[in-house]
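*Asks:* Can you look at this prediction? I've put the sequence above it.
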Amino acid sequence: MIDQHCHSVLAGDLDDAAFAALLTESDLPPAPGTSRWESSIGLAVRRWCAPALGLPALAEPADYLARRRELPDPAGTLLRAAGLDALLVDTGLTAAAGRPLLPLAELGAAAGARVREVVRLESVAERTARDAAGPAGWLAATAEALHGAAAGGAVAFKSVLAYRSGLAVPPEPPSAAEVLRAAGQWLRGPRTRLADPVLGRHLLWTALDCGLPIQFHTGLGDPDLRPADGDPALLADFLRTAGPRGVPVVLLHCYPYHRTAAWLAHCFPHVSVDVGLTLSHTGARAAAVLGEVLEVAPFDQVLFSTDAYGLPELYLAGAAQFRHALAVLLAGWQRDGACTAADAGRITRRTSGANARRLYRL
Amino acid sequence: MIDQHCHSVLAGDLDDAAFAALLTESDLPPAPGTSRWESSIGLAVRRWCAPALGLPALAEPADYLARRRELPDPAGTLLRAAGLDALLVDTGLTAAAGRPLLPLAELGAAAGARVREVVRLESVAERTARDAAGPAGWLAATAEALHGAAAGGAVAFKSVLAYRSGLAVPPEPPSAAEVLRAAGQWLRGPRTRLADPVLGRHLLWTALDCGLPIQFHTGLGDPDLRPADGDPALLADFLRTAGPRGVPVVLLHCYPYHRTAAWLAHCFPHVSVDVGLTLSHTGARAAAVLGEVLEVAPFDQVLFSTDAYGLPELYLAGAAQFRHALAVLLAGWQRDGACTAADAGRITRRTSGANARRLYRL
Amino acid sequence: MIDQHCHSVLAGDLDDAAFAALLTESDLPPAPGTSRWESSIGLAVRRWCAPALGLPALAEPADYLARRRELPDPAGTLLRAAGLDALLVDTGLTAAAGRPLLPLAELGAAAGARVREVVRLESVAERTARDAAGPAGWLAATAEALHGAAAGGAVAFKSVLAYRSGLAVPPEPPSAAEVLRAAGQWLRGPRTRLADPVLGRHLLWTALDCGLPIQFHTGLGDPDLRPADGDPALLADFLRTAGPRGVPVVLLHCYPYHRTAAWLAHCFPHVSVDVGLTLSHTGARAAAVLGEVLEVAPFDQVLFSTDAYGLPELYLAGAAQFRHALAVLLAGWQRDGACTAADAGRITRRTSGANARRLYRL
């Protein structure tokens, strides 16, 4: 099983408030009188993670947190219970709850899984900007860093354009003059957050030159994201013009626009759809949501991931939820006469790992 | 059980055509050869209301209407059968089918429920405009009326911005100069329908100053509404800037954008999602639709209502449908191992009334 | 059973690659290492068509294709197995996989069904443009051709505006001066593809004058379509102003915007929703998708079709899938107590054919 998009975790103790703060995509405190545990993801963690810690499924939050504190290595226990063979880790996030995430090698060792890096485009460009003397030098350094990442073992790029200028990307690359002008202007600012639409688009075309698959954040995210900017439908023109390059594009998360994303995968053979984050957060409804993805997405273009971040629980809950949802869905298909057991096995093997192996040449 | 958004009803007799005309959100006559009863809401009324009138469930429309005419007080019978403890009534609508709706005190007496008022922002502003001498006086009178409503027992404001200039609200309040200019211009017109976007936005910020929760019409409505204007995704920027005021915002109806609304509730702790109107109108599919809301909406931020209007049947059908849909959904979750009976009980109590009690300080 | 929107088929042999190329809405080759059969539509064809060719349901693709080649008349066998009484055929497509589609009379004979023509607006305008001397003459010839089609036995018009300038149609017809100017400009081009928004809108109002129902492509299509341009929500203003003309409008396909389309049908009595293409392509999930359509669409405004094109398999898979999905859905409604067996029978008869008979005066 290949987790084709995830983040590292916090290994040590977590107080109850810090734990709850990571049990949501929101970075805001819960409303007075409410609890982050009262949610689909709260139920999913109690369901899938309590047994891994020796508690009954759906143990109460207080019991769960108490038991977690008693164990010598809850993170390792949970990560190994997820049963993942490889993790493709987006290294664009380096901390959670104000503390550094586990380095990749340690994450892999704790999970008993191979680890490969997914390089975030905007992070590279912001890093090369720190010491850049001018626009041309910065653009060259960024291109060099991206080519270097591709040559140096990264398996994919990740774009957070949805959070910056939004996914409404014009179909053609910007002209060199436009890029230089935008670069000059951006470098005169604080160089901390790349949100210029011309530069964001330029990064995509630079990445396309490197040949690595590009993962796009689409759909639900934190309060910083405008939902309408993350609709994968907005990428259609870019996908049409970029297609002939032969570079795979992966639409991450997608919810609640996952049917639109699945349709784009139906239209464009170089586009795949990911169900990470979405299945973890939709809890008992995950089988229905996964079914919606498989309505029109070709089965060879659907990818498992967890999008786990911060809490090792999100690895286990994400993986268990995917396995369970897919099993429930395909058992229903077989009962209905819609597929054979062999079909169900093939769909399971491909979405769980084989599609990712093909796509990322693992 | 607290019906956190509804309207009053017609108490007396209704001829068959007037009844059918209220069995839809449309204000247009049905197509020749078709009947308003041939719909999910038609089935729901036959299912849930016929037994309350002493008929078998799913009695034929003609039998239902005949039986209704025989009873001395069908409205009271239906309202009491809904089993509601409190009604939060939007008083922005005062008539249906050309006849006046029951006054609030009579509605409460008939239903055996406490009644509290939800004040419609646009109605207040249109009322204060009638005698306003000029822009400054009108704006002051409107602010005074809203503060007066808040002090005088109203539990919430309601905005129908979706119907007027649409939900694409810029994040910041308009400047005083912009507001005065827009007010001057609007007052030179017939003063009947406030659709100016600057004034609509100004009303929101005036309401935020009053501290009462604000309910927004979002999602499906009558033919007057442009669907794209009612997408709650458009409110994201306003929700982000208004959040620090600590004023609760409730997204009403939401369908078919209810998953987007649920995601906004996931992101923003001051935002809640309502399922009124939606569950009544989606009939046998209500459990699935409610499941979609509970995918990513925190359970403490989901609210029951009926959005009943005109027909007392819509109170009973809405309440019965919610109870049934939630029971079916949570029974499925328990069978699947996704929650315990205690979890299901807590989710039921909170969405049925406790969340509304907390939010509106009832 | 009336297939209210479909296309003709290829009658003769098809090699395996040509077959697979028609088993998708995409016109692009599949990604290396993937197969078009690995999809909901692939499963649906194996499920519903293999038995018609004397194979077990869900026979493997290679076995299916081999068996198909052995049969003297696979197209006729499949078409007759679909059990359709009438086909309303959009003649805007004349070839598939580079080969001509079966003429209408032969299609009808092969299917054992009456055939009626649906005339594509843009095709008529592009055809009359070939010999047009100038704008006024072309516009007159186009109007004449459309009136002639209506008088000559066509049952409906079809608009592919979603593919051209998109469905965001202003509510009023363009002025004569605007139309003449746009016509003059377009005629100076290659006259091959009518994508001018003023002319597209003018075609709609010309069609409204003819009185025939107008079918609109909405929702999913091939890679040439921008998803956001096909959202039926964009038609709301046009539907509101065109409604008083009394001309039926049919929203085709609609997925993934089918709930929005259903809501438009709820609001506007002259609007109906079609489930063709969508049910074929959503496979084992078709009952859930059909349920979503029936949530708020009046049952008298929902229409069956297959949107079959090229492969006769798409007729049989589409019809069988509709029958099965509707039966599964309504059996669930009855088990839940949401409708009676008589209700289910009536909904089945109407959506399968009676609604189309009423709408197209068949």
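*Replies:* Sure, I can see it.
*Asks:* Next to chain B, which bits of chain A? Give me the list.
*Replies:* Proximity of chain A to chain B is assessed by CB under 8 Å from any CB of the partner chain, with A:24-26, A:28-31, A:33-36, A:38-40, A:43-44, A:47, A:57-58, A:220, A:222-223, A:226-228, A:255-256, A:281-285, A:288-289, A:328 identified as the residues in range. C-beta here means a position set from N, CA and C on the backbone, and glycine is covered the same way.
*Asks:* Spit out the contact partners of A:Leu362.
*Replies:* Shown here is A:Leu362, whose contacts under the criterion CB atoms under 8 Å, 6 or more residues apart in numbering or on different chains are A:Ile2, A:Ala86, A:Arg116, A:Val155, A:Ala356.
*Asks:* could you redo the residues you listed as TSV and give each row pLDDT, distance to chain C and secondary structure?
*Replies:* Supplementary listing: the contacts of A:Leu362 in TSV, determined by pLDDT from 0 to 100; distance: CB to the nearest CB, whole Å; DSSP: H, G, I helix; E, B strand; the rest coil:
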residue	pLDDT	distance to chain C	secondary structure
A:Ile2	98	16	strand
A:Ala86	98	19	strand
A:Arg116	98	20	strand
A:Val155	98	17	coil
A:Ala356	98	12	helix
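*Asks:* Tabulate these (TSV), appending neighbour count.
*Replies:* Rendered in TSV, the data for those read as follows (neighbours: other CB atoms under 10 Å in any protein chain shown):
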residue	neighbour count
A:Ile2	24
A:Ala86	21
A:Arg116	19
A:Val155	22
A:Ala356	28
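*Asks:* re the thing from before, out of the residues of chain A next to chain B, list just those in strands.
*Replies:* The strands in this structure, assigned by DSSP state E, contain none of these.
*Asks:* Only the buried subset of those residues, as a ChimeraX command please.
*Replies:* A single ChimeraX command is used to select the members of the residues of chain A next to chain B judged buried by 16 or more other CB atoms under 10 Å in any protein chain shown:
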select /A:24,25,26,28,30,31,34,36,38,39,40,43,44,47,58,220,223,226,227,228,255,256,281,282,283,284,285,288,289,328
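*Asks:* Stretch A:129-138 spans what distance, first to last residue?
*Replies:* From the first residue to the last, stretch A:129-138 extends over 6 Å; the measure is CA to CA, to the nearest Å.
*Asks:* Contacts for it next, please.
*Replies:* Applying CB under 8 Å, 6+ apart, the set of residues contacting stretch A:129-138 is A:Ala125, A:Thr128, A:Ala141, A:Thr142, A:Leu180, A:Ala183, A:Gly184, A:Trp186, A:Leu187, A:Arg191, A:Leu194.
*Asks:* what do you get for stretch A:330-349?
*Replies:* Judged by CB under 8 Å, 6+ apart, the contacts made with stretch A:330-349 from elsewhere in the structure are A:287, A:294, A:299, A:326-327, C:38, C:43-44, C:47, C:57-58, C:283-284, C:328.
*Asks:* Just give me how far that stretch sits from the chain centre.
*Replies:* Centroid separation for stretch A:330-349 versus its chain: 27 Å, with CA atoms, centre = their mean, to the nearest Å.
*Asks:* which parts of that stretch are buried?
*Replies:* In terms of neighbour count (16+ other CB under 10 Å), stretch A:330-349 has its buried residues at A:Leu330, A:Trp333, A:Gln334, A:Ala338, A:Cys339, A:Thr340, A:Asp343, A:Ala344, A:Arg346, A:Ile347, A:Thr348.
*Asks:* Let's have the residues you listed in TSV, adding pLDDT.
*Replies:* Formatted as TSV, the entries for the buried residues of stretch A:330-349 read as follows, by pLDDT from 0 to 100:
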residue	pLDDT
A:Leu330	98
A:Trp333	98
A:Gln334	98
A:Ala338	98
A:Cys339	98
A:Thr340	98
A:Asp343	98
A:Ala344	98
A:Arg346	98
A:Ile347	98
A:Thr348	98
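*Asks:* quick one: the strands in chain A?
*Replies:* Listed in chain order (using DSSP E), the strands of chain A are A:2-6, A:86-90, A:95-96, A:99-100, A:114-120, A:156-159, A:214-218, A:249-253, A:271-274, A:302-303.
*Asks:* closest one to A:Leu71 among these?
*Replies:* Shortest separation from A:Leu71 across those is recorded for strand A:99-100, at 18.7 Å, computed as CB to CB.
*Asks:* elements contacting that closest one?
*Replies:* Contact analysis of strand A:99-100 by 3 or more CB pairs under 8 Å, 6 or more residues apart in numbering or on different chains; DSSP states H and E lists no helix or strand as a packing neighbour.
*Asks:* before we move on, the earlier item: can you tell me which of the strands of chain A is nearest to B:Pro173?
*Replies:* Scanning those with CB to CB as the criterion, the closest one proves to be strand A:214-218, at 30.7 Å.
*Asks:* Give the burial count for A:Met1, as a bare number.
*Replies:* Applying other CB atoms under 10 Å in any protein chain shown, we find 20 other residues in the vicinity of A:Met1.
*Asks:* No further queries at this time; thank you.
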